[in-house]
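sequence unknown, structure follows:
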């Protein structure tokens, strides 16, 4: 799915709710541990545009191994909304939601580019892992392939290159291996 299709998907979902896309913003919500998927489902049932990035991992138990989806950022989910009293209450009254992330718990808008970078990485089914937050380094943009347009900080470890994509408000990051991709400085 291209960036345009993802944008149109989000635009359609927000427009259906009676809100112009340019009036709404992404916000992070803090959730109870291990309730992220359930809360995302509840919010979608309330017609709130929701995004819960997940990673696929292999979990092993004593008798079996299984591929499971785990939230990329434990205890967090994202909602796209207009910051009105009614919309805030719709989110805050959902069981398991602890509050909005940001100044005075009112919620701080997250730039669309940061959410779109996460969505692109997940849609591309590129192997990625959670990475410690990085705020300094050479900013780059990936050109071509399924990660076209994703921006982040270039990291090199042992001969391998990766781009670290961050959600600055949460101070959480995701590392994507970029061997074979064209990279340009931003």
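On my side now, so go ahead. Nothing here was measured: the structure is a model prediction, and the numbers come from that model. Residues are numbered from 1 along each chain as shown.

use CA for all of it now, contacts and neighbours both
OK.

which residues in the protein form strands?
Taking DSSP state E as the criterion, the chain contains strands spanning 25-31, 49-51, 54-60, 65-71, 76-81, 97-100, 128-131, 139-143, 151-157, 160-167, 172-177, 182-185.

Does residue 131 touch residue 171 like I think?
No. With contact defined as Cα atoms under 8 Å, residue 131 does not reach residue 171; the gap is 10.3 Å.

Looking at these two now, which is surrounded by more residues?
For residue 131 versus residue 171, neighbours defined as other Cα atoms under 10 Å are more numerous around residue 131 (14 against 11).

What pLDDT does the model give that one?
Residue 131 is assigned 89 on the pLDDT scale.

and if you look at residue 89?
If you check residue 89, the pLDDT there is 95.

Just send the strands of the chain back as TSV, with distance to residue 43 too.
Below are the strands of the chain laid out as TSV (distance: least, Cα to Cα, whole Å):
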stretch	distance to residue 43
strand 25-31	11
strand 49-51	7
strand 54-60	17
strand 65-71	16
strand 76-81	9
strand 97-100	10
strand 128-131	25
strand 139-143	33
strand 151-157	29
strand 160-167	21
strand 172-177	23
strand 182-185	37
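
so which of these comes closest to residue 112?
Nearest of the strands of the chain to residue 112, taken as Cα to Cα: strand 25-31 at 6.8 Å.

Just the residues contacting that closest one, thanks.
Strand 25-31 has contacts (Cα atoms under 8 Å, 6 or more residues apart in numbering) with 39, 75-82, 96-101, 107-112, 115, 170.

so what's the nearest residue to residue 128 once chain neighbours are set aside up against?
Among residues not flanking residue 128 along the chain, residue 176 sits closest, at 4.7 Å (Cα to Cα, 6 or more residues apart in numbering). By Cα under 8 Å, 6+ apart, residue 176 lies in contact with 121, 126, 127, 128, 129, 162, 163, 164, 165.

Please report how far residue 176 lies from residue 92.
As judged by Cα to Cα, to the nearest Å, residue 176 and residue 92 stand 33 Å apart.

how close does the residue nearest to residue 127 when sequence neighbours are not counted get to residue 122?
The shortest distance from residue 127 to any non-neighbouring residue, by Cα to Cα, 6+ apart, is to residue 176 (6.7 Å). From residue 176 across to residue 122, the span is 10 Å (Cα to Cα).

residues contacting residue 152?
Contacts for residue 152 (Cα under 8 Å, 6+ apart) come out as 139, 140, 141, 163, 164, 165, 166.

Out of those, who's the most crowded?
residue 164 (28 neighbours).

In the sheet, which residues pair with it? Tell me.
Bridge pairing for residue 164 (DSSP bridges) gives the partners residue 153, residue 175.

mind listing what it touches?
Listed by Cα under 8 Å, 6+ apart, the contact partners of residue 164 are 131, 134, 152, 153, 154, 155, 173, 174, 175, 176.
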